[in-house]
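Enquirer: sequence-free structure coming up:
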Ligand SMILES: [Mg+2]
Ligand SMILES: [Mg+2]
Ligand SMILES: [Mg+2]
Ligand SMILES: [Mg+2]
Ligand SMILES: [Mg+2]
Ligand SMILES: [Mg+2]
């Protein structure tokens, strides 16, 4: 989403990213020398370091970086003192750690093959199901980071509660997904828009959209529950819009640009596209969808895509995109705080009409 | 360990247990109507209820019940108000939830068959690897219970930190165990007493022994870090003694009394007995151990047991037991607080010379 952004801003983004990665190295070093609660052996220290490097820093880092971006906007664009940059980055990393925790375990449950262009962690030789415990280790690191850097902050308890609540929501959304679309069993009658929206809200939106902003609000000293509540409502809607885009790009995006070849159709995913198709299909089309959705062969995939095109889902998507955008702009503008408005608009600008 | 306990105390224990189980039902009901952070569907509510009933309340409940026992002793045996009994029981259940979380995931990693006399949760039809996420759900429930019943207590933040720290220690101990004794690979040279003690300390002692007492201390208003520190040191030693007994009983206990047939030898466990045997074996015995440890057939197991008996490990154990007991009594009596002394002595009395 940096297309059309002036070069100076692009450089700033690169510098931010580099600074952010330096914080990762500091946090990692602190975690593995940590001798207060656990006595590491050389082997266990090496294991944790390798596991962290493999799973934590290799993503797009959008979620993590957005804590600092949001904090700057909340402080009306003022230059942040180094200490604030460090703390905001540490919270950003906690979100990346949370994501790594969920992805390591999700890949095991989905029996996935690759993640971020390399074999899933549990497929690495000598790892196997030790990856389950590594997932837990990732989760416990969040508590360690929060405790060592935020314990004396007035918002520490709220911060810990926030991560706990979002973890609960994400795990609950994952449960809903797992029991609605169990591996090996296809029941398209369960792929309704209500189910879709519920899974997306809990599995994705809270941790990807609400959590970074809520972290920034806590750091900025916000203590009005109403502010958190309305930020939450708007960001959950934005997260839903983001996931619909993700589902759309999986089928219609340029693999060169999105960096992977979509397989939602082959994987029987409860995607926005199949939900829309099932709502609109005539009996014959519905039968074709039933017969071909979730099959790995090319001709089945093409048959599904043909029905998507008969139903003109590209137009449906463009309408949805336009409508979501207008709705979001109008509720954002109803926010009392201008600083919060700026944060929300910046999130929206980053995702509106994105191609990757 | 109720042998030799007068009938009236035995009835009291039964009543306590019944009251404790009623608290489980209340906590479960609260969790699954909980609509503040997650919107349940009928299916997901039924799933969680079944998963909880299968995994949480079916153990011996010693850890959970010991919170209330400890709290009573800390209050010099005074009758606890109903509200305190409820809160102490809720914390006891949080420990049982924590244990369920670790056991559900441990059984997956160990590819185990049964647990508490029934198939492991991940082996139940339709569950499979969804059990990984169920483990996480169990963990998130602890945060939910703590938040809904303790958020306004002055010790809330310490309580959350305590559970986080103990989770970190347990997961780290589990990691140590997993990388020291990886499935399918036997390297007896790694089975040293240092490694054994480190694994036991982190994987078992903190959550089984220190955590219940620390919960009771927080509820009783204790705020001197030194008290927590010395309780921790003593209880970790007690937890180690307990695990050595567990390993001894796995081989020499009466299956009728301990309720299962031990398989530590077949499972290549890093047990106290094999560690002692390796320390004492001559080259020939060591070779026999290498050839037979971790084999499932009866004759291999018997060969290992024969060497244990040649090395007279039963006597070694009795000496260890006696020495541990004396050491524990003497450091307990050095404690300043008599109430804490009573708690520690009660723990010790429950495990000294146990047969199950
Ligand atoms: Mg997946
Ligand atoms: Mg999945
Ligand atoms: Mg996708
Ligand atoms: Mg096991
Ligand atoms: Mg194990
Ligand atoms: Mg055992």
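Expert: Perfect, I can see it now. Note that the structure is a prediction, hence the values are computed from the model and not measured. Residues are numbered from 1 along each chain as shown, chains lettered A, B, ... in the order given. Ligands and ions are numbered 1, 2, ... in the order given.

Enquirer: Which residues lie in contact with the residue nearest the centre of chain A in this structure?
Expert: By C-alpha atoms, centre = their mean, chain A has its centre lying nearest to residue A:208, at 4.0 Å. By C-beta atoms under 8 Å, 6 or more residues apart in numbering or on different chains, the contact set of residue A:208 is A:63, A:99, A:239, A:242. Backbone N, C-alpha and C define where each C-beta goes, glycine included.

Enquirer: again, but for residue A:255
Expert: By C-beta under 8 Å, 6+ apart, the neighbours of residue A:255 are A:261-262.

Enquirer: With residue A:191 as the reference, measure out to whichever residue of the stretch 251-356 of chain A sits closest to chain B.
Expert: Closest residue of the stretch 251-356 of chain A to chain B, C-beta to the nearest C-beta: residue A:270 (13.6 Å). Residue A:270 is 5 Å from residue A:191, where distance means C-beta to C-beta, to the nearest Å.

Enquirer: Overlap in contacts, the two.
Expert: residue A:181.

Enquirer: What is the neighbour count of the residue in the stretch 151-300 of chain A positioned nearest to ligand 5?
Expert: Closest approach between the stretch 151-300 of chain A and ligand 5, counting by C-beta to the ion: residue A:171, at 22.2 Å. For residue A:171, the count of nearby residues is 24 (other C-beta atoms under 10 Å in any protein chain shown).

Enquirer: My read is that it contacts residue B:138, right?
Expert: No: look at residue A:171 against residue B:138 with C-beta atoms under 8 Å: they stay out of range, at 9.5 Å.

Enquirer: where does chain A have low pLDDT?
Expert: Within chain A, the stretches with pLDDT under 70 are A:1-7, A:34.

Enquirer: number of nearby residues for whichever residue of the stretch 1-150 of chain A sits closest to ligand 1?
Expert: Nearest residue of the stretch 1-150 of chain A to ligand 1, counting by C-beta to the ion: residue A:110, 3.7 Å away. Close neighbours of residue A:110, defined as other C-beta under 10 Å, add up to 14.

Enquirer: Now it: closest residue in space, sequence neighbours ignored.
Expert: residue A:183 (7.4 Å; C-beta to C-beta, 6 or more residues apart in numbering or on different chains).

Enquirer: Now do the contacts for that neighbour.
Expert: Contacts of residue A:183 (C-beta under 8 Å, 6+ apart): A:110-111, B:128-129.

Enquirer: Out of those residues, which end up buried?
Expert: B:128-129 (16 or more other C-beta atoms under 10 Å in any protein chain shown).

Enquirer: Widest-spaced pair of the contacts of residue A:183?
Expert: By the measure C-beta to C-beta, A:110 and B:128 form the most distant pair in the contacts of residue A:183, at 11.6 Å.

Enquirer: wouldn't residue A:164 be in contact with residue B:140 here?
Expert: Yes: judged on C-beta under 8 Å, residue A:164 makes contact with residue B:140 at a distance of 7.0 Å.

Enquirer: any idea what the closest residue to ligand 5 within the stretch 101-250 of chain A is structurally, helix, strand or coil?
Expert: Using C-beta to the ion, the single residue of the stretch 101-250 of chain A nearest to ligand 5 is residue A:133, 8.9 Å away. Following DSSP: H, G, I helix; E, B strand; the rest coil, residue A:133 is assigned to helix.

Enquirer: wouldn't it be in contact with residue B:174 here?
Expert: Yes: assessed by C-beta under 8 Å, residue A:133 is found in contact with residue B:174 at 5.2 Å.

Enquirer: Now do the shared contacts for the two.
Expert: What both residue A:133 and residue B:174 touch, as defined by C-beta under 8 Å, 6+ apart, is an empty set.

Enquirer: Looks to me like residue A:265 is in a strand.
Expert: No: assessed with three-state DSSP, residue A:265 is coil; it does not lie in a strand.

Enquirer: and it, what does it touch?
Expert: A:251, A:271, A:274, A:293-294, A:300-301, A:304-305.

Enquirer: In helices, which of those appear?
Expert: Counting by DSSP state H, the contacts of residue A:265 place A:251, A:274, A:300-301, A:304-305 in helices.

Enquirer: Report the separation between the residue of chain A most remote from its centre and residue B:69.
Expert: Distance to the chain centre peaks in chain A at residue A:284, reaching 36.4 Å (criterion: C-alpha atoms, centre = their mean). According to C-beta to C-beta, residue A:284 and residue B:69 sit 69 Å apart.

Enquirer: For the stretch 101-250 of chain A, which residues are neighbours of ligand 2?
Expert: Selection of the stretch 101-250 of chain A residues close to ligand 2 by C-beta under 5 Å from the ion yields A:106, A:110.

Enquirer: where's the nearest residue to residue A:232 once chain neighbours are set aside relative to residue B:354, distance?
Expert: Nearest residue to residue A:232, sequence neighbours excluded (C-beta to C-beta, 6+ apart): residue A:210, at 5.1 Å. Per C-beta to C-beta, residue A:210 is found 50 Å from residue B:354.

Enquirer: What segments of the stretch 251-356 of chain A are helices?
Expert: In the stretch 251-356 of chain A, the helices defined using DSSP state H, counting those that start in this stretch lie at A:255-258, A:272-280, A:283-292, A:298-310, A:313-333, A:338-351.

Enquirer: List the contacts of the second one.
Expert: In this case it means helix A:272-280. A:188, A:191-193, A:196, A:243-244, A:247-248, A:251, A:264-265, A:285-286, A:289, A:293, A:304, A:307-308, A:311, A:313, A:316-317.

Enquirer: Report the buried members of those.
Expert: For the contacts of helix A:272-280, buried by 16+ other C-beta under 10 Å: A:188, A:191, A:196, A:243-244, A:247-248, A:251, A:264-265, A:285, A:289, A:293, A:304, A:307-308, A:311, A:313, A:316-317.

Enquirer: Now for the residue lying closest to residue A:123 once chain neighbours are set aside: which residues touch it?
Expert: Among residues not flanking residue A:123 along the chain, residue A:113 sits closest, at 7.1 Å (C-beta to C-beta, 6+ apart). By C-beta under 8 Å, 6+ apart, the contact list for residue A:113 reads A:119-120, A:123.

Enquirer: Residue A:130 too?
Expert: Residue A:130 neighbours (C-beta under 8 Å, 6+ apart): B:109, B:175, B:178-179, B:182.

Enquirer: Would you quantify the distance from residue A:318 to residue A:196?
Expert: Counting by C-beta to C-beta, the gap from residue A:318 to residue A:196 is 19 Å.

Enquirer: Let me fix that, I meant to ask about residue A:299.
Expert: Counting by C-beta to C-beta - residue A:299 and residue A:196 are separated by 26 Å.

Enquirer: Ok, residue A:205 next?
Expert: From residue A:205 to residue A:196 the distance is 12 Å (C-beta to C-beta).

Enquirer: Any idea how many residues pack against residue A:9?
Expert: 10.

Enquirer: likewise residue A:329?
Expert: Residue A:329 has 13 nearby residues by other C-beta under 10 Å.

Enquirer: give me every residue that touches the closest residue to it other than its chain neighbours.
Expert: Residue nearest to residue A:329 in three dimensions, not counting chain neighbours: residue A:348, with 7.2 Å by C-beta to C-beta, 6+ apart. Contacts for residue A:348 (C-beta under 8 Å, 6+ apart) come out as A:238, A:325, A:328-329, A:332.

Enquirer: from these, which single one is nearest ligand 1?
Expert: residue A:238 (22.0 Å).
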